[in-house]
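J.: can you look at this prediction? I've put the sequence above it.
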Amino acid sequence: MPLNVTYGVSTWLWTSPFQTSSIEELFPKIAAMGFDAVEIAVEDPGLIDGEAVKAGLEKYGLKAVICGAFGPTRDLTNEDTSVHENCFRYIEACLDFCVLWDIKIFAGPMYSAVGKARMVPPEQRKKEWNLAVSNLRVVCDMAAQRGVKLAIEPLNRFESDLVNTAKDAVRLVNDINHPAAGILLDGFHMSVEERDLEAAVKLAGDKLFHVQVSENYRGSPGTGQTRWDRLKAGLEAVNYQGIVAIESFTPEIKELAEAVCIWYPFADDQDEFAADGLKFLKSYFNT
């Protein structure tokens, strides 16, 4: 049966960092390709004119989601509380953009720093988990005050040692115990960590607030080994009606390429990547 979803694409497919000049570079072609939404990757809020983005979204008829970027200076599991405060200020700026752009979901691996993958003693792991829980309760309050919900993303084991699976994400959301706390599932990370895509989606259940997709190798949907039938079955089972967003990265951005270990292009050009991926998703999910 057809899924009642809308389709988006991440600005990371083309550029990093997103800034005001990216609006006219990206929004017209994203809309022309037939996407319903743009997933705006906010790395530095200071580079973005919020009113200009709002005008661009209205001009091109696009909805939006914000995906956050969390490095070592935005690590809610760091022992230094000044790092927490820096992260809170960054998240607050993103949440204010959500209000301005009429966005209801703020997404990303906001519990820790991307790339923080170590073997640590159980006591240290518990301490960091508890820091993530307590600090994300603060973030949930900030989000709820603005009518926004969090979509917390598990990352594969090579990018995080704290939250890797849907089961981990459900445990984190349950421990946070706040109505604003929910889950983002990314098909790429799931291809590494989950035994069954359908079961993982069902486990997230009604706490699944956002979905990202690419192939198992980060390529365009429909060109790899992803079990799209299992993913679709899971989304149908939980009656997911949100955005399904294509997320990948361009190797032309050297700093970002190193962070996500992308060393070569996955399509002849990024526009082709996005257009072909959307065509596949619509043909698969809309039937």
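T.: Arrived safely.
J.: going forward, measure contacts and count neighbours with C-alpha atoms only.
T.: Will do.
J.: I figured Ser214 hits Phe249, correct?
T.: No. Ser214 lies out of contact with Phe249 (Cα atoms under 8 Å); the separation is 10.2 Å.
J.: so Asp229: helix, strand or coil?
T.: Three-state call for Asp229 (DSSP: H, G, I helix; E, B strand; the rest coil): helix.
J.: just the pLDDT for it.
T.: Note for Asp229: predicted pLDDT of 97.
J.: same check, this time on Tyr264
T.: 86.
J.: what strand or helix carries the closest residue to Gly219 other than its chain neighbours?
T.: Once flanking residues are discounted, Gly219 sits nearest to Phe266: 5.4 Å by Cα to Cα, 6 or more residues apart in numbering. Here Phe266 sits in a region with no helix or strand, counting by DSSP states H and E.
J.: again with the one 10 residues further on
T.: When secondary structure is defined by DSSP H and E, Asp276 falls within helix 270-285.
J.: Phe249 and Pro17 touch, don't they?
T.: No. Phe249 is beyond contact range of Pro17, at 11.5 Å (criterion: Cα under 8 Å).
J.: the two - which one has more neighbours?
T.: Phe249 (23 against 20; other Cα atoms under 10 Å).
J.: from Val42, how far out is that one?
T.: With distances taken as Cα to Cα, to the nearest Å, Phe249 is found 14 Å from Val42.
J.: check Leu131 too.
T.: For Leu131, the distance to Val42 equals 24 Å [Cα to Cα].
J.: the two: who's more crowded?
T.: Legend: neighbour count by other Cα under 10 Å for Leu131 and Val42, higher for Val42 (25 against 20).
J.: all strands for the stretch 1-150 of the chain, in order.
T.: 6-10, 37-42, 63-68, 105-108, 149-152 (DSSP state E, counting those that start in this stretch).
J.: chain neighbours aside, what residue packs nearest to Asn135?
T.: In this structure, Asn135 finds its nearest non-sequential neighbour in Leu76, 6.4 Å apart by Cα to Cα, 6+ apart.
J.: cool, Asp141 as well?
T.: Leaving aside its chain neighbours, Asp141 sits nearest to Ala180 (7.7 Å; criterion: Cα to Cα, 6+ apart).
J.: relative to Ser16, how far out is that neighbour?
T.: Ala180 sits at a distance of 28 Å from Ser16 (criterion: Cα to Cα).
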